[in-house]
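Peer 1: Here is a sequence together with a model predicted from it:
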Amino acid sequence: MAEALAVDIQNLCKEFPTPMRTRKLQAVKNVSLQIKQGEVYGLIGPNGSGKSTTMKALLGLVEPTSGTCSIFGKNSRKTDSRNDVGFLPENPYFYKHLSGAETIRFYGKLCGMRGKSLEDKVNELLDLVGLTSAKDRRLGGYSKGMLQRIGLAQAIVQDPKLIILDEPTAGVDPIGSREIRDLVFKLREQGKTVFLCSHLLEQVQEVCDHVGIIFEGQLVKEGRLEDLIAVEDQTEFILEGASEELLAQMEQLIASHSSAKLLRKGNPRTTLESLFLKETIKQTASNKEGETSA
Ligand SMILES: Nc1ncnc2c1ncn2[C@@H]1O[C@H](COP(=O)(O)OP(=O)(O)OP(=O)(O)O)[C@@H](O)[C@H]1O
Ligand SMILES: [Mg+2]
């Protein structure tokens, strides 16, 4: 028997009533989207395009106007469809008086975890999201990025097979974003399915193998990332240590072919993110050195 799809959304439509208006707001218009087990799928789109609504309908948190959603073959209207799902909402709400460790423990207990295995999990997740040193501080004093990390930890506390992340890097600094990206890589290695949406397109490009673009409630483009972004009639070489002579020979060779044209040459640019990380890591290392020699 074929493996059930992790996510199967068929012709999803969601309308919201609008106050004082007779016309309803069509937040999601006939969206169909499938995610196979083990895939990392990124949904991208402008503000208000229907990303969160699609995710909420999949999770059974909003009732579809029409269409169906299912998770591992189970209809999202049924509670047991959520047994194997972890979710990080867009604006997670936490009990501010609980500490980081207590929060993860609380969510673990909600998922039926107890005893030593729960305690081990709490410590493992605090370490994974980089909050071990803040584990006894109350969430009321956590920064936005720290809250986001706690949100991520609670989403994976019961080791779900499908993880749905609504803007996991919102409010997180570039180093934290990179750690979250690495965490998604780790989840993928473990064979988990990840369905995320984000405005950080560069990161979506790095972690996702499938991408969907949603615009005004409609899925306007969808497919394997590699296929979507390949510029089919162009070829890229990135050389290291190439001499001027070799480059001149290559250019001559290309010029001798009438069908090919050299469009651009030069040094590849780094990204602002890589530059930021390089400089902050350098700074952290030199600060540490200063501390030890003092
Ligand atoms: N509960 C609701 N009641 C009324 N309208 C809603 C509700 N939830 C969402 N909407 C509307 O549906 C549309 C899609 O919203 P949604 O939150 O899904 O967008 P989004 O793509 O997640 O945007 P963002 O990138 O800003 O998070 C928006 O116009 C929004 O105002
Ligand atoms: Mg949203």
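Peer 2: Noted; the coordinates are in hand. Ligands and ions are numbered 1, 2, ... in the order given.
Peer 1: going forward, measure contacts and count neighbours with C-alpha atoms only.
Peer 2: OK.
Peer 1: bridging residues for the spatially most central residue of the chain?
Peer 2: Taking Cα atoms, centre = their mean, the centroid of the chain lies closest to L196, which sits 4.2 Å from it. Note on L196: beta-bridge partners G42, L165, judged by DSSP bridges.
Peer 1: What residues does it make contact with?
Peer 2: Contact analysis of L196 by Cα atoms under 8 Å, 6 or more residues apart in numbering lists 40-43, 164-168.
Peer 1: same deal with E244?
Peer 2: Applying Cα under 8 Å, 6+ apart, no residues contact E244.
Peer 1: same question, Q158
Peer 2: 86, 108, 111, 113.
Peer 1: Quick check: the gap between the first one and ligand 1.
Peer 2: G86 sits 18 Å away from ligand 1, going by Cα to the nearest ligand atom, to the nearest Å.
Peer 1: Check for me that that residue belongs to a strand.
Peer 2: Yes. The assignment for G86 is a strand, going by DSSP: H, G, I helix; E, B strand; the rest coil.
Peer 1: quick one: C111 and I156, what's the gap?
Peer 2: Distance of C111 to I156, computed by Cα to Cα, to the nearest Å: 11 Å.
Peer 1: So which residues on this protein come close to ligand 1?
Peer 2: Within the chain, the positions lying close to ligand 1 (Cα under 6 Å from any ligand atom) are 16, 27, 46-53.
Peer 1: Apply 8 Å and report the result again.
Peer 2: Counting by Cα under 8 Å from any ligand atom, the chain comes close to ligand 1 at 15-18, 25-28, 44-54, 90, 166-167, 198-199, 214, 216-217.
Peer 1: Weed out the non-buried ones from those residues.
Peer 2: 15, 26-28, 44-45, 49-54, 90, 166-167, 198-199, 214, 216-217 (16 or more other Cα atoms under 10 Å).
Peer 1: Wait, K192 touches I35, no?
Peer 2: No. Proximity of K192 to I35 does not meet the contact threshold set by Cα atoms under 8 Å, at 11.6 Å.
Peer 1: sorry, back to before: take the buried ones among the residues of the chain next to ligand 1 and keep only those in helices.
Peer 2: Among those, the members found in helices (DSSP state H) are 51-54.
Peer 1: between the residues you listed, which is nearest A4?
Peer 2: Using Cα to Cα, T54 comes nearest to A4 of those, at 19.8 Å.
Peer 1: Next one: the nearest residue to C197 once chain neighbours are set aside from C208, what distance?
Peer 2: Excluding its sequence neighbours, the residue lying closest to C197 (Cα to Cα, 6 or more residues apart in numbering) is L43, at 4.7 Å. Using Cα to Cα, L43 is found at 9 Å from C208.
Peer 1: which residues in the protein form helices?
Peer 2: Using DSSP H, helices in the chain cover 51-58, 100-110, 115-128, 144-155, 174-189, 201-207, 225-229, 244-255, 272-293.
Peer 1: For the shortest one, the averaged confidence score.
Peer 2: Across helix 225-229, pLDDT averages out at 86.
Peer 1: Mind listing residues that contact stretch 108-127?
Peer 2: 100-101, 104-105, 132, 135, 150, 153-154, 157-158.
Peer 1: Those into CSV, with extra columns for distance to Q283?
Peer 2: As requested, the contacts of stretch 108-127 are exported to CSV (distance: Cα to Cα, whole Å):
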residue, distance to Q283
G100, 28
A101, 30
I104, 32
R105, 35
T132, 23
K135, 26
I150, 27
A153, 29
Q154, 32
V157, 34
Q158, 37
